[in-house]
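J.: Starting from these lines, generate the structure:
(2 chains)
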Amino acid sequence: MHDNGESTIDAGLPYRYTAALAGEIEQRWQDQWDVDGTFESPNPAGPLADPDRLAQLGEKLFVLDMFPYPSGAGLHVGHPLGYIGTDVYSRFKRMTGHNVLYSMGFDAFGLPAEQYAVQTGQHPAITTDANVANMRRQLRRLGLSHDRRRSISTTDPEYYRWTQWIFTQIFNSWYDSDLERARPIDELVAEFESGSRQVADGRSWSSLSEHERRNIVDGHRLAYVSEAPVNWCPGLGTVVANEEVTSDGRSDRGNFPVFKRNMRQWMMRITAYADRLIDDLDLLDWSDAIKTMQRNWIGRSHGARVNFASPAGDITVFTTRPDTLFGASFMVLAPEHPLVASLTSAEQSHAVEEYIRVAGLRSDIDRQDETREKSGVFTGSYATNPLTGDDIPVWIADYVLIGYGTGAIMAVPCGDQRDFDFARVFDLPIPAIQQPPAEWFEGHAIDPSLDTATWPEAFVGNAPYVNSSNASLSLNGVANVADGVATTNAWLEANGHGEATINYKLRDWLFSRQRYWGEPFPVVYDEHGSPHTLPDELLPVELPETDSFSPRTFDPDDEHSNPESPLDRLGDWVEVTLDLGDGPKAYRRDTNVMPQWAGSCWYEMRYLDPTNTEQFVHPEVEQYWMGPRTDLRPDHPGGVDLYVGGVEHAVLHLLYARFWHKVLFDLGHVSSKEPYARLFNQGYILANAFKDDRGIYVDAFNVEERDGAFYFDGEPVLREWGKMGKSLKNAVSPDEMYDTYGADTLRLYEMAMGPLDASRPWETRDVVGMFRFLQRLWRTMIDESTGGCLVNDDPADDETLRLLHRTIDVVRTEMDALRFNTAIAKLIELNNHVTKYVSSSGSIPREIAEPIVLMVAPLVPHVAEELWLRLGHDETITYVPFPHPNAALLVDDEVEMPVQIRGKVRARVMVPADADEALITSIVLAHPAVLAALEGADPATLKKVIVVPGRMVNLVP
RNA sequence: GCGGGCGUGGCGGAACUGGCAGACGCGCAGGAUUUAGGUUCCUGUUCUUCGGAGUGUGGGUUCGAGUCCCACCGCCCGCACCA
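T.: Coordinates of the predicted model:
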């Protein structure tokens, strides 16, 4: 272990910046900040209102970290990377005149907390509280400038009261697709009653029973109960959302198998918002990568729905290429398609049943293996191609998915590779309907021909149509797909065979979980089984106390097990008598809990007004912190000014939270239409992990390196990269860093090791570099043997002053752009210069020392506060204005210009900084070093002289 | 397969709209302090046969390319029979 110069104290330097001194300074200032409430930011209204203070501060800025989950293992040094970034930024912005809202709460409900509780036998409330307390301690020790009054936990009934309230708002709303927004459900009922809106099946509203009306209304709600295929995960004992299932058909948490099952569950009608969730991405300052992920997940595709007549009734397909209908030579249904049974002929029934049975056995990952040869079975029935009038065979095959589109396709083998492959395997006809260009044939080394038997693959793209006409429609001669699609769609609609439509991959959000540790639903069921939300005054519905919080889990592969919610067992809690307006009646509580994502769908707004007992957030407060910044740009959607977090929530939290926010916006509860205006994806801290020859991870801290190879206990081990964590046995705790160097050094190292958005490997041995920097910084201002301050009021020399102001200029720019690594490099350079100055003169001019302390303050706030104090100030450095560069000192009289000959630097010449091209040319061409470099070539006969003032000169002889 | 990103010293990484490649830090080497080691400080540190060469490879545009264009190789991420 390091001893950090403990002996240097013995050697007579009691005031050196050591880990011990750093620790003392840091904890003293952390206490002081708490006592003074240094980071408390004022609101314009509500319980935290302080209009006077607000008026003193400048423009508002809301900086947010992604809601952390309080893990039982405590933090490792990888966790706070983003937090340090937001803290440095927040502190910088306070010094540049902003009212910064910066806090942190805990997303403490959820599966891991419950699993941890089950493991330890402790109630999740107890373990969660302990974990939150430990995390608060570790974060406080980092010196994060959070407004502690605004810290929240999703598990606090005062918080989830509002989560439940928002649920009731969503439940009591419907989506008006004409107005393209959510509206209160009462307005829908009123429209039905007045007759301005018709019931879908044409019956009159007044003829319906109360129960029938109720079902119709419930079918419009944005939160609704439905019997639908869901993801059942026996290993977790709960259902999970589509977004929580990995591409290999397993659960995101725990990696258990997930099975598709029909079950009655709560759903959120996120699909109603599909278009706005895609379109409003354009308003967001997010990375293209994340936007693309959301677009892909929502999966909007434009096409047509087409009906094919069959003996079992119309088979509806979705296609993005209605223009290729003339080439549809067969149809394929998913094995699970509801019409399969009635389409199957007697002769084919055995084969079809067998195929369905085998397809059902196959796992999703198996079915998705593209390299597998196409399989399928003929049903024995034929459908009619509405354009050609031909009877075409109907097959079933597992390459058609029941969950996408209509679960049925028209197969156009000449224009779709999958259909082409299928047709080849089963020897089905492949009529050509486009004339591929000559290059396509050349590319495949075949002669141009419409005989598809010669084609190696389907042709996809723009090309003139052939064989594409009937009595009333002809595409022949049309040369591009867009025109073909438009013409065909018009024909389909005019002739009643289909219509243009938009299809989405996005499904509604499965919202209930059969667990204990989550928000209870504020819902009871009446004697008909209809759900009712509880009125506001009955919120929160508190999670009932119980010792049997453990959910029933099953053999992970037991597909036919059934979920059992822990709350189901609490009969006294479930059966309840309430007066919901019709007098006291018996109701049954909903025994599901909400998914972990519920609490994080709106938490940023509770930071704004955490103690408001009347509203989830005061409208004026929301408007102040999150309202649209139309002063910045006219289409600004509002929301958090800077949101920092990892990419892993691209289609989970970030999609759900946008959806909830839009509902709240539609209902008039918030002024912003998006929750997060700007998103910054931080990288991860990676660490070496080592595996022995059994493939088991070994303690990374006891691995020795010899000659480029690695050994554990004398045995060779293999090195690999991984995210830091307990499972890889490579986690470094921040506590170790606090003890060895102090929090300021840790902060500085994490910010200096690379750009914030890049992942980078942790190297404990590199940390010392930043510690040395702080030690040198301290030494330039504090006498290490006496503790005296070395600052004097003499003027600084010109060189140092110029370097200082160039540094200020760069550091301001870099910090504003979150490029802390380069800001730190400039500060080190400046300090290295000052160090030499101080070691020769024994003192430092105040006009140099103070700006340096101010510039490092956002990065290393504790040592900066301490130096600021020792420089004679008695106010916190937090709100002292960040230095401005003196423009006059940024320009030099003379600059060195490189002189290139044919692009290679051959000489350097000093020229006046404001010299124009002609002057530079004359100086350069007369300079002896240049003449020497020209090796006798005559300056007057140069082919080319390029002069970029202030940059370089390039000569071409 | 489709989409996106990235390849710079022994290592992490700098290099603004094309204009001095390798800032800053680690490590390493030498030196100072020290009984010694460690700590701390100072100097040096891309490679080199000392001519030069050099930003994954090959080509191109340009007076000039890490930066722009084309092809390829490698790594990472997302999606994946999405009709």
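J.: Double-check that residue A:517 belongs to a helix.
T.: No: assigned with DSSP: H, G, I helix; E, B strand; the rest coil, residue A:517 falls outside any helix and is coil.
J.: Pull up the per-residue confidence for it.
T.: Note on residue A:517: pLDDT of 93.
J.: again with the one 4 residues further on
T.: Residue A:521 is assigned 97 on the pLDDT scale.
J.: Now do the contacts for it.
T.: By CB atoms under 8 Å, 6 or more residues apart in numbering, the residues touching residue A:521 are A:164, A:167, A:266, A:512, A:541, A:589-590, A:592-594. Every residue, glycine included, has its C-beta placed from N, CA and C.
J.: just residue A:161 next, same as before
T.: Residues near residue A:161 by CB under 8 Å, 6+ apart: A:539-540.
J.: rewinding a little: select from the contacts of residue A:521 every entry located in helices.
T.: A:164, A:167 (DSSP state H).
J.: Just put the contacts of residue A:521 in CSV and tack on pLDDT.
T.: Output for the contacts of residue A:521, formatted as CSV (pLDDT from 0 to 100):
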residue, pLDDT
A:164, 98
A:167, 98
A:266, 95
A:512, 91
A:541, 97
A:589, 97
A:590, 96
A:592, 94
A:593, 95
A:594, 96
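J.: could the contacts of residue A:521 go into JSON lines alongside distance to RNA strand B and neighbour count?
T.: As requested, the contacts of residue A:521 are exported to JSON lines (distance: CB to the nearest atom of the strand, whole Å; neighbours: other CB atoms under 10 Å):
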{"residue": "A:164", "distance to RNA strand B": "30", "neighbour count": "26"}
{"residue": "A:167", "distance to RNA strand B": "27", "neighbour count": "25"}
{"residue": "A:266", "distance to RNA strand B": "23", "neighbour count": "24"}
{"residue": "A:512", "distance to RNA strand B": "23", "neighbour count": "26"}
{"residue": "A:541", "distance to RNA strand B": "34", "neighbour count": "21"}
{"residue": "A:589", "distance to RNA strand B": "35", "neighbour count": "22"}
{"residue": "A:590", "distance to RNA strand B": "30", "neighbour count": "22"}
{"residue": "A:592", "distance to RNA strand B": "26", "neighbour count": "25"}
{"residue": "A:593", "distance to RNA strand B": "25", "neighbour count": "26"}
{"residue": "A:594", "distance to RNA strand B": "23", "neighbour count": "24"}
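J.: What is the neighbour count of residue A:373?
T.: Neighbourhood size, residue A:373 [other CB atoms under 10 Å]: 8.
J.: Equivalent analysis for residue A:839, please.
T.: Residue A:839, neighbours per other CB under 10 Å, totals 11.
J.: Now do the phi/psi pair for it.
T.: phi -70, psi -20 (degrees, to the nearest 10).
J.: And it, how close does it get to residue A:770?
T.: 20 Å (CB to CB, to the nearest Å).
J.: what about the stretch 1-150 of chain A, any weak spots by pLDDT?
T.: Low-confidence segments of the stretch 1-150 of chain A (pLDDT under 70): A:1-12.
J.: just chain A next, same as before
T.: Applying pLDDT under 70 to chain A flags the ranges A:1-12, A:362-372, A:705-709.
J.: Now the phi/psi pair for residue A:56, please.
T.: Per-residue torsions, residue A:56: phi -70, psi -30 (degrees, to the nearest 10).
J.: again, but for residue A:198
T.: Residue A:198 adopts backbone torsions of phi -90, psi 150, taken as degrees, to the nearest 10.
J.: ditto for the one 10 residues further on
T.: Listed backbone geometry of residue A:208 is phi -90, psi 150, with angles given as degrees, to the nearest 10.
J.: Could you find the closest non-adjacent residue to the residue of the stretch 401-550 of chain A found nearest RNA strand B?
T.: Distances between the stretch 401-550 of chain A and RNA strand B by CB to the nearest atom of the strand are smallest at residue A:405, namely 3.1 Å. Counting by CB to CB, 6 or more residues apart in numbering, residue A:318 is the residue found nearest to residue A:405 once chain neighbours are left out, at 3.6 Å.
J.: For the helix or strand encompassing the one you found, which outside residues touch it?
T.: Using DSSP states H and E, residue A:318 sits in strand A:315-319. For strand A:315-319, contacts defined as CB under 8 Å, 6+ apart pick out A:303-308, A:325, A:331, A:333, A:339, A:383, A:394, A:405-406, A:408-410, A:498, A:501, A:503.
J.: which of the residues you listed are buried?
T.: Using 16 or more other CB atoms under 10 Å as the burial test, the contacts of strand A:315-319 include A:303-308, A:325, A:331, A:333, A:339, A:383, A:394, A:405-406, A:408-410, A:498, A:503 as buried.
J.: Sheet partners, orientation included, of the strand holding residue A:318?
T.: Strand A:315-319 has the following strand partners under DSSP bridges: strand A:301-308 (antiparallel).
J.: Need the residues that contact the partner strand.
T.: If you take CB under 8 Å, 6+ apart as the criterion, strand A:301-308 is touched by A:314-322, A:325, A:331, A:383-386, A:392, A:406, A:410, A:485, A:488-489, A:492, A:497-504.
J.: what's stretch A:603-617 in contact with?
T.: Contacts to stretch A:603-617, defined as CB under 8 Å, 6+ apart, come from residues A:43, A:46-48, A:62, A:64, A:67, A:101, A:103, A:105, A:107, A:149-152, A:154, A:158-159, A:162, A:165-166, A:602, A:618, A:621-622, A:625-626, A:640, A:643, A:669-670, A:675-676.
J.: I should have written stretch A:266-273 there, sorry.
T.: Contacts for stretch A:266-273 (CB under 8 Å, 6+ apart): A:170, A:175, A:177, A:182, A:221-226, A:228, A:277, A:504, A:506-512, A:521, A:590, A:592, A:655-656, A:659, A:662-663.
J.: change it to 7 Å
T.: Identification of contacts with stretch A:266-273 by CB atoms under 7 Å, 6 or more residues apart in numbering yields A:170, A:175, A:222-226, A:228, A:504, A:506-512, A:592, A:659, A:662.
J.: likewise stretch A:456-463?
T.: With contact meaning CB under 7 Å, 6+ apart, stretch A:456-463 is reached by A:413-417, A:420, A:434-437, A:440, A:444, A:479-481.
J.: Kindly export that stretch (C-alpha atoms) in CSV.
T.: The C-alpha trace of stretch A:456-463 is given here as CSV (Å, rounded to 0.1, in the frame of the first residue of the first chain):
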residue,chain,number,x,y,z
PRO,A,456,-29.6,-16.1,-57.9
GLU,A,457,-31.6,-13.8,-55.6
ALA,A,458,-34.6,-11.5,-55.4
PHE,A,459,-34.4,-8.1,-57.0
VAL,A,460,-35.1,-5.2,-54.6
GLY,A,461,-35.2,-1.6,-55.7
ASN,A,462,-36.3,0.8,-58.3
ALA,A,463,-36.9,-0.6,-61.8
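J.: quick one: that stretch near RNA strand B?
T.: No: shown here: stretch A:456-463 not in contact with RNA strand B (CB under 7 Å from any atom of the strand), separated by at least 10.6 Å.
J.: Please apply the same query to stretch A:684-700.
T.: No: applying CB under 7 Å from any atom of the strand, one finds stretch A:684-700 out of contact with RNA strand B, separated by at least 8.7 Å.
J.: And that stretch, end to end?
T.: End-to-end span of stretch A:684-700 (CA to CA, to the nearest Å): 18 Å.
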